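Trainee: Take this sequence and fold it.
(chains A, B, C and D)
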2 protein chains.
Amino acid sequence: MFQNAQVPEQSFMNRKGSEMSVRIDALDRKILEQLQRDASQSLDDIAKQVGSSKTPVWNRIRKMREAGIIGQQTVLLDAEALGFEACFFVLIRTSEHEADWQAKFLKALRDRPEVQEAHRLAGDIDYILKVRVKNARAYDAFYQALISEVRVHNVTALLSMEEIKSTVALPL
Amino acid sequence: MFQNAQVPEQSFMNRKGSEMSVRIDALDRKILEQLQRDASQSLDDIAKQVGSSKTPVWNRIRKMREAGIIGQQTVLLDAEALGFEACFFVLIRTSEHEADWQAKFLKALRDRPEVQEAHRLAGDIDYILKVRVKNARAYDAFYQALISEVRVHNVTALLSMEEIKSTVALPL
DNA sequence: TGTGAAAATCATAGACG
DNA sequence: CGTCTATGATTTTCACA
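Mentor: From the prediction side, this is the model:
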């Protein structure tokens, strides 16, 4: 049993940057691990697994949801089974760094559902994208559409042959 | 209403490669979209949203689960709020391509929880990793550990400055 | 804060048209 | 196959220690 074992270890602001801060203790972390592993478990099961009981676990989950620590609850689909057989990592260099170019570029990425990830990078290469499409032709269509919308200096596409590992879990 | 609107569009084998094939129709696709968007919805809500009713939706979900199309149910956590402030994409070139080197390398990646993604690539660069860590020092520790375990020819780390977009949803 | 119970909702199964 | 009904689980709330 874990009666009141809070060792304050970390605090942070929520998304709105408000004063509200939430501390994450060892029990919270165990709960998060369980939720990451299987979000369909019942509260009772989670409580058992983390050595606590229903109500405290429920209150902590609610708090972490409100604080934005716990976000979307989703389901992972088998991409290949659904016909998404190509995955590209796209390295982008640009010479344009004005604000309105960047805004246009970001909007283009956010609007395209085949872009699963987009990061602005430090250094030589400016952006990296992860693009999941049905096949190479669909990638080409994406690529042509992108470069017709925004000017980019240099694009390198890396084609994934095999997904060795894929997880959304953080190593808490 | 969607009475029996099955337009067969796709079939595939399940994970064990058995004969069992499942066809995905427009209704299945809508259900998957809803589950991706919010897996905590009740069956009734999903049924309403896709224009069907409880039992058919439930049967389809069960079938797709059994077929492995629907996998893990999980929760997305706010990485920054939990202190994971650094994200690297790591490009790896190697000169070694023997089977046992590869097995060792794969095991090393699968054993390290900071590796969220690992792909074997076509072309010039052999592998790409996505590594999520608390800070640059933690990345260095990861890097040193990795190169001491397996020999690699060339490693380039790309540091993410900003996560512009991140989704696990497939564009069904 | 944790416990236990009450109330409301939901998932799951099965009979029927 | 879809509709409807039933019944156990589960979530969510709340009074009390």
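
Trainee: So which elements touch the longest strand seen in chain A?
Mentor: Identified as the longest strand of chain A according to DSSP state E is strand A:154-166. For strand A:154-166, the packing partners by 3 or more Cβ pairs under 8 Å, 6 or more residues apart in numbering or on different chains; DSSP states H and E come out as strand A:86-93, helix A:136-149, helix B:99-111, strand B:115-121, strand B:127-133. All C-beta spots, glycine's among them, are computed from the backbone N, C-alpha and C.

Trainee: what sits against A:Val155?
Mentor: A:Val155 makes contact with A:90-93, A:143, A:147, according to Cβ atoms under 8 Å, 6 or more residues apart in numbering or on different chains.

Trainee: switch the cut-off to 7 Å
Mentor: Counting by Cβ atoms under 7 Å, 6 or more residues apart in numbering or on different chains, A:Val155 touches A:90, A:92.

Trainee: again with the one 4 residues further on
Mentor: If a contact means Cβ under 7 Å, 6+ apart, then A:Leu159 has A:88, B:121-123 as its contacts.

Trainee: could these be laid out in a markdown table, adding pLDDT, distance to B:Asn135 and neighbour count?
Mentor: Converted to a markdown table, the contacts of A:Leu159 look like this (pLDDT from 0 to 100; distance: Cβ to Cβ, whole Å; neighbours: other Cβ atoms under 10 Å in any protein chain shown):
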| residue | pLDDT | distance to B:Asn135 | neighbour count |
| --- | --- | --- | --- |
| A:Phe88 | 98 | 29 | 21 |
| B:Leu121 | 97 | 27 | 20 |
| B:Ala122 | 97 | 33 | 12 |
| B:Gly123 | 94 | 32 | 10 |
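
Trainee: of these, closest to DNA strand D?
Mentor: If you rank those by distance to DNA strand D using Cβ to the nearest atom of the strand, A:Phe88 comes first, at 36.1 Å.

Trainee: excluding its backbone neighbours, what's nearest A:Ser95?
Mentor: A:His153 (4.7 Å; Cβ to Cβ, 6 or more residues apart in numbering or on different chains).

Trainee: which stretch among the helices and strands packed on strand A:154-166 comes nearest A:Arg60?
Mentor: strand B:127-133 (23.3 Å; Cβ to Cβ).

Trainee: Can I get that closest one in CSV? Just the C-alpha atoms.
Mentor: Provided in CSV are the C-alpha atoms of strand B:127-133 (Å, rounded to 0.1, in the frame of the first residue of the first chain):
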residue,chain,number,x,y,z
TYR,B,127,19.3,3.6,-40.2
ILE,B,128,17.4,6.5,-38.7
LEU,B,129,16.4,6.7,-35.0
LYS,B,130,14.2,9.0,-33.1
VAL,B,131,15.5,9.4,-29.6
ARG,B,132,13.6,11.2,-26.9
VAL,B,133,15.6,12.2,-23.8
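
Trainee: is it anywhere near chain A?
Mentor: Yes - contact of strand B:127-133 with chain A (Cβ under 7 Å from any Cβ of the partner chain) involves B:128, B:132.

Trainee: List the residues that contact the residue lying closest to A:Thr74 once chain neighbours are set aside.
Mentor: The shortest distance from A:Thr74 to any residue other than its chain neighbours is 5.2 Å, reached at B:Ala39 (Cβ to Cβ, 6+ apart). Each residue near B:Ala39 by Cβ under 7 Å, 6+ apart is listed here: A:39, A:73-75, B:73.

Trainee: Point me to the residue sitting closest to the centre of chain A.
Mentor: A:Val168 (6.7 Å; Cα atoms, centre = their mean).

Trainee: Just read off the phi/psi values of that residue.
Mentor: The phi and psi values for A:Val168, taken as degrees, to the nearest 10, are phi -100, psi 0.

Trainee: Just name the most buried of the helices and strands packed on strand A:154-166.
Mentor: Neighbour counts (mean count of other Cβ atoms under 10 Å in any protein chain shown) averaged over each of the helices and strands packed on strand A:154-166 peak at strand B:127-133, with a mean of 23.

Trainee: Quick one: name the residues of chain A near DNA strand D.
Mentor: A:41-44, A:54-55, A:58, A:62 (Cβ under 7 Å from any atom of the strand).

Trainee: Now that we have these, which of them are buried?
Mentor: Buried by 16 or more other Cβ atoms under 10 Å in any protein chain shown: nothing, out of those.

Trainee: okay if I get these as a markdown table plus pLDDT and distance to DNA strand C?
Mentor: Listed next are the residues of chain A next to DNA strand D as a markdown table, based on pLDDT from 0 to 100; distance: Cβ to the nearest atom of the strand, whole Å:
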| residue | pLDDT | distance to DNA strand C |
| --- | --- | --- |
| A:Gln41 | 96 | 11 |
| A:Ser42 | 96 | 10 |
| A:Leu43 | 96 | 10 |
| A:Asp44 | 95 | 11 |
| A:Lys54 | 94 | 6 |
| A:Thr55 | 95 | 3 |
| A:Trp58 | 96 | 8 |
| A:Arg62 | 96 | 12 |
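
Trainee: Helices - which of those land there?
Mentor: Within the residues of chain A next to DNA strand D, residues falling in helices by DSSP state H are A:43-44, A:54-55, A:58, A:62.
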